[in-house]
Structures are given as structure tokens and as C-alpha cells.
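Fold the stuff below for me.
(chains A and B)
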Amino acid sequence: GAGVSQSPRYKVAKRGQDVALRCDPISGHVSLFWYQQALGQGPEFLTYFQNEAQLDKSGLPSDRFFAERPEGSVSTLKIQRTQQEDSAVYLCASSLSRGLFGTDTQYFGPGTRLTVL
Amino acid sequence: GQQLNQSPQSMFIQEGEDVSMNCTSSSIFNTWLWYKQDPGEGPVLLIALYKAGELTSNGRLTAQFGITRKDSFLNISASIPSDVGIYFCAGLRMNRDDKIIFGKGTRLHILP
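Residues are numbered from 1 along each chain as shown, chains lettered A, B, ... in the order given. Down below sits the predicted model:
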């Protein structure tokens, strides 16, 4: 399809395991965003890429969280030594613009639901 | 953490009724956005507002950007079953290092 895709859709991890979540943005979209959505909450910003450059990672909750987008298309969010508080839906969004947040529509993927036991 | 207060948290209405929800903030925003999220999906943008006082419609949806720039509301007229879902407001200050801040959502239920 032409939308943002994410994989896996569901991930169950034991506490302490490392996980990697993948995002395939819409082809040609310059900007890519990762959000964390806890149960019953709105999405919260994690990090932002413009092409392969990570321009803002101020929302990453700890140094266990790492994101990359090496070729400016697919992105991976990695969480090391997962903790129970990491359980959430991780949403990826992409937009066409190079500009400031919100100047172009962000298209969201369906998310990856991470459950840490 | 989030800075937007969205109300009500949930609504139970009959099909055909009109719906109103709002969002307030202690901070001024330059852009207000309204999204809808269906179960197992990501949010989808419904309406974007860029100017204080702006009133914008998208079909049965109408949203307004408050004059103070600290609030916004969304109205849905003549609700139908597919309106069920979670509606999020989001604000943006449009500074270079700023990001979209989401409310906690309003869950809309339609009674059979």
C-alpha cells in the first residue's frame, strides 16, 4: 500500500530483552517521527529525522532508546534492556516537508504494540 | 509531559446527535490539529487550524481556533456509527525546536 507501515504489529518481550521496531514511511517523505502512546493517553513525541539526520531526540525517555534512519527511508527504533514501563504503542509518522513541525500533514502508521513482561 | 486538557474524556451519545469536545492549554499555540484514531490504527488528521478565530469545516466536522490561542473545539453534527473512535486535539507553537503536543483524547461511543 501507499501508507506508512510498521512491523511487527505486536511484540512481547521479557524484561531485559532488546527489541527493534521498524517503520517504512511513505516513499519520498523527507520527515519521519516516532511517538510513544501509553494506554489511555495521546501520542508523545520521541524523535524526528529529516532524511537520514536525526534532528531532535529530546523525547527519548532514556539512553536505552535509540533510533536510526541510515539511508533516509526506513527507520528503526531500538529499545535496549526493556522495562515494564516501556510497554506502549510506538507510532511512526512521516511527512513530505523539510520544514517545521506541522507545516505538512503527518501520516501515521498503525503502530507497534509492545508489551514487556 | 502533555500540556493540553481535553474534555470530555468520553461521551456516550445516540446516533444522529451532535457532539462537541474541546481542548484547553496554559500555553499559546500557533496551530491546532484534530485527529481521529480507530482501534489498532494510527491517528488520522481531520482538521488543521492555523489562525486565531479560524473556523474550519470538513464535512460534518467543524473546528475553531480560539481567539486567545489557548483553546480549540471540535463539533460533529448528526453523528453516525463510523464516528466512533478516539479524537485527539494537538497543538504546535511552530518554533524551530518545538513539537506537536497531544491531548489525552475524547472517546466517542454511539449507543445502539
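
Report how many residues lie close to residue A:71.
Per other Cβ atoms under 10 Å in any protein chain shown, the neighbour tally for residue A:71 reads 9. Glycine gets a C-beta too; all of them are placed from N, C-alpha and C.

Enumerate the positions of stretch B:93-111 that are buried.
Residues of stretch B:93-111 classed as buried: B:93, B:98-108, B:110 (neighbour count, 16 or more other Cβ atoms under 10 Å in any protein chain shown).

Touching, residue B:30 and residue B:48? I think so.
No: counting by Cβ atoms under 8 Å, residue B:30 sits too far from residue B:48 to count as a contact (11.5 Å).

filter the buried residues of stretch B:93-111 down to the ones close to chain A.
Intersecting those with the contacts of chain A gives B:98-105 (criterion: Cβ under 8 Å from any Cβ of the partner chain).

Chain A contacts on chain B?
So far as Cβ under 8 Å from any Cβ goes, chain B lies against chain A at B:2, B:4, B:6, B:31, B:33, B:40-45, B:48, B:88, B:90, B:92, B:94-105.

Find the nearest non-adjacent residue to residue A:15, please.
Setting aside the residues directly before and after it, residue A:15 is nearest to residue A:116 in space (Cβ to Cβ, 6 or more residues apart in numbering or on different chains), at 5.7 Å.

measure the one you found to chain B for me?
According to Cβ to the nearest Cβ, to the nearest Å, residue A:116 stands 19 Å off from chain B.

which residues does that residue contact?
Counting by Cβ atoms under 8 Å, 6 or more residues apart in numbering or on different chains, residue A:116 touches A:12-15, A:82-87.

now the strands for chain A?
Assigned by DSSP state E, the strands in chain A fall at A:5-7, A:10-13, A:19-24, A:31-37, A:44-50, A:53-56, A:65-68, A:75-79, A:88-95, A:107-108, A:112-116.

For the longest one, which strands pair with it and how are they oriented?
What it means is strand A:88-95. strand A:31-37 (antiparallel), strand A:107-108 (antiparallel), strand A:112-116 (antiparallel) (DSSP bridges).

what pairs with the lowest-mean-pLDDT helix or strand in chain B, and is each one parallel or antiparallel?
None of the helices or strands of chain B scores lower by mean pLDDT, DSSP states H and E than strand B:101-102, at a mean of 92. Paired with strand B:101-102 in the same sheet, following DSSP bridges, are strand B:85-92 (antiparallel).

Please compute how far the partner strand lies from its chain's middle.
4 Å (Cα atoms, centre = their mean, to the nearest Å).

Tell me the residues of chain A that contact chain B?
A:4, A:40-45, A:48, A:56, A:58-59, A:91, A:93, A:100-102, A:105-106, A:108-111.

thinking again about what came up before, just the buried subset of the contacts of residue A:116, please.
Those of the contacts of residue A:116 that meet the buried threshold are A:13, A:82, A:86-87, by 16+ other Cβ under 10 Å.

And residue A:102, what's its pLDDT?
With respect to pLDDT, residue A:102 has a value of 54.

What of residue B:109?
At residue B:109, pLDDT is 96.
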